[in-house]
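Colleague: sequence and predicted structure are below.
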Amino acid sequence: MLKSAKRRNRNVVRAGLFSFFLFARPAFAHDPLEISATVYLQTNRIELRAVMMRKTILLAADHQGVALLDFSIPAEREEALPMLGSLAPGLFTLTCGSNSLTATEAKVILGAEDHVGFNLTYPATNVTVKLAATLLAHLPRQDPYGVNVVVLDLAHNQVLEQKLLVAENSAMEITPRPVAATNQPAATQKSTAVPP
């Protein structure tokens, strides 16, 4: 009787696994129409890290008239990296009033699963900046591309904002929180005489 119960349980598990694999839909690690961006507000710099699919950056480059090589092929990767690096500063713009902030550093990271990462570094500012996803203007309008932006304030260890930027509304304002001054003189202490 014990053997038949074990056999029945084993058959139920097999049937369950079979139906799972039969009806399960493939899961993708990243929506091909989504671009994710994280803005790190630090005391000495602003970092913007964006990740997108290879197809997305190829479309944006083609729209800008840049004949970008298929960098999924190892032989063409070394030649394509400088071209990707030259495209990086034009993907997003940061402005302070009427002044445009220039990226002091731009890195390209070719990741797994056909992902491409861009790390852009800008000078720090303590006033409101406007982030615009200019990349969206170079992507097909008939497809619902979007940039999911998360703003992290590392000085205060807080999430400041999260917003989805789309072609019709491709900009957002980021206001950094003031950092408390740490180099103030120590408060003077009054010495009191202790009776003997």
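Modeller: Great, that's in hand.
Colleague: quick one: the residue nearest in space to the middle of the chain from residue 131, how far?
Modeller: Centroid check for the chain by C-alpha atoms, centre = their mean gives residue 37 as the closest residue, at 2.5 Å. Distance, residue 37 to residue 131, by C-beta to C-beta, to the nearest Å: 8 Å. For glycine as for every other residue, the C-beta is placed from the backbone atoms N, C-alpha and C.
Colleague: what about the residue nearest to the centre of the chain, distance to residue 49?
Modeller: 7 Å.
Colleague: touching both of residue 37 and residue 131, which residues are there?
Modeller: Taking C-beta atoms under 8 Å, 6 or more residues apart in numbering as the contact criterion, the common neighbours of residue 37 and residue 131 are 48, 92, 149.
Colleague: show the pLDDT at the last one.
Modeller: What that stands for is residue 149. Here the pLDDT value assigned to residue 149 is 96.
Colleague: what's the following helix or strand after the helix or strand containing residue 119?
Modeller: Following DSSP states H and E, one finds residue 119 within strand 115-123. Counting by DSSP H and E, the next helix or strand C-terminal to strand 115-123 is strand 129-132.
Colleague: tell me the mean pLDDT for that next one?
Modeller: 96.
Colleague: alpha carbons of it, in CSV - could you do that?
Modeller: Provided in CSV are the C-alpha atoms of strand 129-132 (Å, rounded to 0.1, in the frame of the first residue of the first chain):
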residue,chain,number,x,y,z
VAL,A,129,18.4,69.8,-13.4
LYS,A,130,16.2,68.7,-16.3
LEU,A,131,16.8,65.2,-17.6
ALA,A,132,15.6,64.6,-21.2
